[in-house]
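[1] Fold the stuff below for me.
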Amino acid sequence: MKKICTLILFFALLTVSLTACGTAEEGLKDGYYTAQAAEYNFGWKEYITVMVKGGSIVSVEYNAENASGFIKSWDNAYMQNMFHSNGTYPNAYTRYYAGQLLEGKRGTDIDALTGASSSYRSFLKLSEAVLEQARRGDSNVVYVNTTE
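    Residues are numbered from 1 along each chain as shown. Prediction:
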């Protein structure tokens with residue numbers, strides 16, 4: 001019984017140590033960082049905010065807001081229209097893309113979601129910019145041209 005408990009403890013510690021080694025990304029400084037689209041696109045300005053702690057991204061928010069500050073993924077009418085025409089909607093694809101960044105995927109390793117390809121292109125540009133901010137430790141909002 002003691003041998004089994006020792007083996008379980010050993011594998012638990014091994015799993016924790018391997019997970020901890022794989023999560024920190026070299027050069028990310030702790031803090032909050034935001035990249036935002038420089039211009040509105042179809043009435044919305046997309047943004048990404050990440051929280052880095054211990055050199056790892058621990059939180060990602062990806063969304064868009066209109067000129068009054070209303071969040072795109074809260075817009076039920078927009079969600080219904082987009083879901084019926086594109087098969088996805090902001091609350092789904094924003095979480096999907098943010099989740100991949102949180103999991104450690106970068107650049108083109110992030111999978112595009114059918115029906116949200118324009119947001120995918122914006123997300124790639126914004127995520128690249130926000131990661132650069134985190135590497136520099138610059139917590140100023142960086143504005144990115146996402147329409148090119």
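
[2] who does the helix or strand encompassing Ser119 touch, helix- and strand-wise?
    Here Ser119, judged by DSSP states H and E, is contained in helix 117-136. Contacts defined by 3 or more CB pairs under 8 Å, 6 or more residues apart in numbering; DSSP states H and E place helix 117-136 against strand 31-37, strand 45-53, strand 56-65, helix 90-102, strand 142-144. In this view, the C-beta of every residue, glycine as well, is placed from N, C-alpha and C.

[3] Could you list every helix and strand in contact with the last one?
    Applying 3+ CB pairs under 8 Å, 6+ apart, we find strand 142-144 packed against strand 31-37, helix 117-136.

[4] Just give the nearest non-adjacent residue to Pro90, would you?
    Nearest non-adjacent residue to Pro90, counting by CB to CB, 6 or more residues apart in numbering: Ser73, 4.2 Å away.

[5] what do you get for Asn41?
    Thr147 is the one closest to Asn41 (CB to CB, 6+ apart), at 5.8 Å.

[6] If anything else comes up later, I'll come back, but that's it for now.
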